[in-house]
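S.K.: I'll drop the sequence and a predicted model, then ask my questions.
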Amino acid sequence: MNDNDAQDGERTVTIITGRVWRSKNGRPEGVHVMLVAPDDDSAVRRALESLAAEGYAEAELDQIGDMQGEPDDEPHLSAYQGALEGEVSIITFDAPE
């Protein structure tokens, strides 16, 4: 069993937080990326590839960790479910100045 396998057989969702920019000199947006990956390196690589595919020119990823259960509120609940289904779920929001 690897670190991303939950005790009850469910896959563990990884969350990565940071900031993204649509253009090099653009305004930053906060980002939460949720996905299932075998290790942190794979998670970061998939997150960056998905962000680039969505048109983000730059990304600064600050933290990575495993979700401890299902979130209570949207949009994180839907993103969590998408991650369990194999998607890379991206949530963006206004970054604090």
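M.R.: Structure's in. What do you need? Remember, predicted model here, so these are calculated numbers, not experimental data. Numbering: from 1, shown residues only.

S.K.: burial of the spatially closest residue to residue 77 that is not a sequence neighbour, as a residue count?
M.R.: Leaving aside its chain neighbours, residue 77 sits nearest to residue 71 (5.0 Å; criterion: C-beta to C-beta, 6 or more residues apart in numbering). Where you see a C-beta, it was placed from the backbone N, CA and C, and this is true even at glycine. By other C-beta atoms under 10 Å, the residues close to residue 71 number 18.

S.K.: Leaving out the residues flanking it, which one is nearest to residue 32?
M.R.: Take residue 32 and drop its neighbours on the chain: the residue closest to it by C-beta to C-beta, 6+ apart is residue 91, 4.4 Å away.

S.K.: so what's the one you found up against?
M.R.: Shown in contact with residue 91 (C-beta atoms under 8 Å, 6 or more residues apart in numbering): 31-34, 75-76, 79.

S.K.: Switch these over to JSON lines; also include distance to residue 17.
M.R.: JSON lines is the format used below for the contacts of residue 91 (distance: C-beta to C-beta, whole Å):
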{"residue": "31", "distance to residue 17": "7"}
{"residue": "32", "distance to residue 17": "6"}
{"residue": "33", "distance to residue 17": "8"}
{"residue": "34", "distance to residue 17": "10"}
{"residue": "75", "distance to residue 17": "14"}
{"residue": "76", "distance to residue 17": "12"}
{"residue": "79", "distance to residue 17": "12"}
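
S.K.: Show me those residues that map onto strands.
M.R.: 31-34 (DSSP state E).

S.K.: Now neighbour count, pLDDT and distance to residue 13 too, for those, in CSV please.
M.R.: Converted to CSV, these look like this (neighbours: other C-beta atoms under 10 Å; pLDDT from 0 to 100; distance: C-beta to C-beta, whole Å):
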residue, neighbour count, pLDDT, distance to residue 13
31, 22, 98, 15
32, 18, 98, 11
33, 27, 98, 10
34, 25, 98, 5
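
S.K.: From the residues you listed, pick the one nearest residue 50.
M.R.: Distances from residue 50 to the ones in strands among the contacts of residue 91, taken as C-beta to C-beta, are shortest for residue 33 (7.1 Å).
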